[in-house]
Each structure stands twice: as structure tokens, then as C-alpha cells.
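1. Provide a 3D model corresponding to the input given below.
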Amino acid sequence: MWTTEDQTVAAGHSVSPARWQAGLEELLGRVARRFGRVEPRRHARAFVLGLLADLPRKNCWTIAEHAGQATPDGMQHLLAGAVWDEHAVRDDVRDYLVDHLGDPAAVLVVDETGDCKKGTTTVGVQRQYTGTAGKVDNAQVAVYLAYATRAGHGVIDRELYLPQGWIDDPARCHAAGVPAPRTFATKPELARVMLERALDAGVPAGWVTADEVYGGDPALRGWLETRRMPYVLAVKCTEPLRSPSGPSTPAARLAERIPPQCWLRISAGPGAKGRRWYAWSRVALATADAPDGWGRWLLVRRSLTTGELAYYVCAGPASTPLVALVRTAGTRWRVEEAFQAGKGLCGLDQHQVRRWRSWYRWVTLAMLAYAFLVVAAVTEHARHPAPPGVIELTCNEIQHLFAALVCPPAADRGHRLRWSWWRRRQQARARACHYRRQAAQQP
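-> Numbering: from 1, shown residues only. This next block holds a predicted model:
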């Protein structure tokens, strides 16, 4: 156990594993009341430590072995049958991030990500497009809501996308534990559910941004305006938009009317290779049915190297400057960083669960683990700024150090050998069952 005096100093920068451990205990203490009994609460703590560990693959087997447990039964029960409220834990994670990152100018970022899966029984899986693979593949897709500020960003909500084919097959839904009755909801409708949840909870935010899937939905745009929530949403070049003095016109046609002198070179924010510079301009849109004092615009981004254009439909106070729209549009990439970190550091996509509730529980605990890393990084930046010539501590570096210094795996030789035996025995049983099924299918 670390004490408050335990601290490592490297290259002039202090690193405090004790502070990180205390931060994780604070977060786990917030969610402890969501677990009715001590056993699932202890399993949840060990589960989160496993998600933060340096495991080659994170699933109930590897996490249980890391925790020193004899079998994965406890971890599997935590996801499938234990009594605890995963949605209340989600709210606790959201409140934890807002407490540490809260900013009235924050941006709520909506995006979906897919996890490629085999078979047909995993809840929500079917052949569908996923940006993870960049093609149509057998995948499970979920929509997430991220909270992005200048200090940092984290994931505060999630909803699993259930395709129409699943909705039309009640028996399949029942087998996967999908709550009944269930109606089909588009991705923009799932986004609205999450945005409404965040706004009703008083999450401080100044903007909403998302990609073309959401920008192309007039109902979502209209709902945001009724909530007086400014937005910058990407749209396709064919999106019909009304100018102040004419009929609906495709976004690309409106962009052709921009005079050459109206393009400004503005940074969309820092990227992995430096600032992301583009040429930007905007075109006023009709505001007859907009909220009082609001304006609407088509924001156009042009690549400085290829000349390729991208389009955004925007709405907000009429006095909003162009640079504010640009910064909001540039914030959308934060959710991609969150997906990369959540999957790479906390096993967000490594679940091997098939049922509805188990998916929500795995993802919620992964969100909790990632929220801890985000807040730990923000706290380190505020307390111990990096010296010249060294970048600030990142979530990746904190996870690496935390795994090595705070939650090393159970290293008992007998424990490792018993797990090797257990795995091989389970794999032999699975192979025998597979062969029996295969033989039964033979004519």
C-alpha cells in the first residue's frame, strides 16, 4: 500500500502513485452505494483495476487471474447477474468528470464507434458500416457522448444501437436480454436521449457537435434549438439548406457563392502533428423560425493542400464569431481520441459479452476507468506542470505507471500454474462441445 510520502521524482517531474490511488478510491467511493452487497462492490473494484492493468487482452478470465481469483465466476456474475445499477454508475461517472472538468464553454460531442464481432448472437451485431473497420462488416455499433473542455475530455454516456433486423425478431432480442418492449431508434434519436439526459442533469456546456450522421437529421437540429443549445454539426454536400432569400439549396451550391476574399486561415485546434490549419468561411442561412436572437450558418472548411471541402450547419447567438464555430467544429476530434484511449487503455471494445445488460455494465466500468485516467492527468497538469523539454503526463503514461506501481498482477507461481490448467481444461471442453455440434449437423 502506498503512503502519502511515496513519490517518485524523474527528470525533475514528480509522480505520485499515492495521489493516483487516492483518486481512484475517491471515484470508487462515489459508486459504492450503487452496489447492494459487498461482494459485487469488491468484484467491481478488482474489475476496474484489471481494466487499468497492462493485460494483453482484457476479459473476465484475464481480469480474474490478475486479481488473484481462482476462476472468472465472480467477474462474470458481476456483469450478468449481480444486483447493481449500471445506469446510476454512469451518472456518477458523468458527475465526477463534470466536477473536475466542468466548464460553461464545454462541448458535448456525439459519435458512434463499432466493434467487429463474429457470429450472430451478440446483442446488436449484424453486417453494417463501422468506421473502426472502414467498411461494412459484422459489427456491433454504439453511440457515445463525450464531454470536452480545454482541460480534458471524457465519455459521459453510451447507448447501444439496435438495428431494425433485431427489432423485427423478438425471439432474438429475448435471447440476448433486450428489455421489452423495444422500438427502433436511429442514431440521432439515441444522441438526443443522451443529450437530454446530460442537459436535464445540469451538465454545463456551450455547444454540441457531431458528424454527418447527426447533422443530417433536421429533427435533432430542431430539438437543439428548442433547448437553445448552440450546435456545429457536419452535413453532406447535398444537404438542402435555406438561404435568407431563396429556396432550399444543396450545401455545395451555397459554398460556390463564397467570394475568394471571404476565406480566412484559422486553426481548428492542436492535432497529433501540430495545429490543424484550414481555410474557413460561412454563409448566412434563413432564420425565420430560429429562436429569438439566433443566427444560422453554413460553415465551410477547405483543405489548404488539396482544396477539399467539408460542410457544417450551425446555429447559435447571432453575435457568434466565426472563430467560435471553427473551434467547436475542431473539438469533434476529441471523441476520436477518447475512443482510442478508452479502447487501448481500458478495454472499452474488448468485452466478450453477448447480452444487453452485460454490455452496458462492461462499457460503464470501462468509462469509469477512463474517467479516472482523465482526471488524474488533469490534476497532474495543474499541480505539477512539466518542465521545459518534456510533455505533460498523458493518460497513456499514467495508465502505464499506475499498472506497474499501484496494481501489479498476482505473481504467485502456483496461482499462475492453476490458471494455466483451468484455461486448458475449459478450452478442451469448448472444443469437445464444438465437435459434438458439428457432428450433429452432419447429414
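
2. now the strands for the protein?
-> 8-10, 13-15, 107-116, 126-130, 135-148, 153-160, 207-210, 231-235, 240-242, 248-250, 264-271, 274-284, 294-302, 309-317 (DSSP state E).

3. looking at these, which one is packed in the most?
-> strand 207-210 (a mean of 27; mean count of other CB atoms under 10 Å). For glycine as for every other residue, the C-beta is placed from the backbone atoms N, C-alpha and C.

4. so what strands line up beside that strand?
-> Each strand paired with strand 207-210, and its direction, by DSSP bridges: strand 107-116 (parallel), strand 231-235 (parallel).

5. just give me the neighbour total for residue 394.
-> 15 (other CB atoms under 10 Å).

6. check whether it really touches residue 374, as I assumed.
-> No. Using CB atoms under 8 Å, residue 394 is not in contact with residue 374; the gap is 10.4 Å.

7. mean pLDDT lowest where, among the strands of the chain?
-> For the strands of the chain, mean pLDDT drops lowest on strand 8-10, to a mean of 47.

8. residue 67: neighbour count?
-> 21.

9. mind listing what residue 64 touches?
-> 46, 50, 71-75 (CB atoms under 8 Å, 6 or more residues apart in numbering).

10. quick revisit: now the strands paired with strand 207-210 in JSON lines, with distance to residue 306?
-> JSON lines is the format used below for those (distance: least, CB to CB, whole Å):
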{"stretch": "strand 107-116", "distance to residue 306": "24"}
{"stretch": "strand 231-235", "distance to residue 306": "18"}
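
11. pretty sure residue 386 sits against residue 397.
-> No. With contact defined as CB under 8 Å, residue 386 does not count as touching residue 397 (10.7 Å).

12. residues touching the closest residue to residue 360 other than its chain neighbours, list them.
-> Using CB to CB, 6 or more residues apart in numbering and skipping the chain neighbours, the partner closest in space to residue 360 is residue 86 (5.1 Å). Neighbour list for residue 86: 357, 360-361, 364 [criterion: CB under 8 Å, 6+ apart].

13. gap between residue 86 and residue 358?
-> According to CB to CB, to the nearest Å, residue 86 and residue 358 sit 10 Å apart.

14. please apply the same query to residue 108.
-> The value you get for residue 108 to residue 358, if CB to CB is used, is 27 Å.

15. what does stretch 346-364 rub up against?
-> Residues contacting stretch 346-364 (CB under 8 Å, 6+ apart): 51-52, 55, 57-60, 78-80, 84, 86-87, 89-90, 93, 113, 115, 121-124, 132, 140, 142, 158, 160, 176-179, 339, 342-343, 366-367, 369-370, 373, 399.

16. for residue 403, what are its contacts?
-> So residue 403 contacts 52-54 (CB under 8 Å, 6+ apart).

17. and for residue 112?
-> 131, 141-144, 161, 187, 213.

18. dump those into CSV; add distance to residue 283 as well.
-> Listed next are the contacts of residue 112 as CSV, based on distance: CB to CB, whole Å:
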residue, distance to residue 283
131, 28
141, 33
142, 34
143, 29
144, 31
161, 33
187, 27
213, 23
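
19. return the closest of the residues you listed with respect to residue 272.
-> Nearest to residue 272 among the contacts of residue 112: residue 131, at 17.6 Å, using CB to CB.

20. report how many residues lie close to the closest one.
-> Residue 131: 15 neighbours (other CB under 10 Å).

21. then residue 186?
-> 16.

22. setting aside sequence neighbours, what's the nearest residue to it?
-> residue 217 (7.4 Å).

23. just the pLDDT at that neighbour, thanks.
-> Reading off the confidence values, residue 217 has pLDDT 97.

24. can you name the residues that contact the nearest residue to residue 36 once chain neighbours are set aside?
-> Counting by CB to CB, 6+ apart, residue 36 lies nearest to residue 83, which is 4.6 Å off, once chain neighbours are set aside. Applying CB under 8 Å, 6+ apart to residue 83 gives the contacts 35-37, 40.

25. tell me the contacts of residue 107?
-> So residue 107 contacts 147-149, 205-209, 328, 331, 334 (CB under 8 Å, 6+ apart).

26. could you dump those into a markdown table and include distance to residue 250?
-> Shown next, in a markdown table, are these (distance: CB to CB, whole Å):
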| residue | distance to residue 250 |
| --- | --- |
| 147 | 33 |
| 148 | 30 |
| 149 | 35 |
| 205 | 30 |
| 206 | 29 |
| 207 | 25 |
| 208 | 23 |
| 209 | 22 |
| 328 | 23 |
| 331 | 26 |
| 334 | 29 |
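
27. can you tell me how far the nearest residue to residue 255 once chain neighbours are set aside is from residue 109?
-> Spatial nearest neighbour of residue 255, chain neighbours left out: residue 300 (4.7 Å); criterion: CB to CB, 6+ apart. Residue 300 sits 20 Å away from residue 109, going by CB to CB.

28. likewise for residue 418?
-> 45 Å.

29. any low-confidence regions in this structure?
-> 1-14 (pLDDT under 70).
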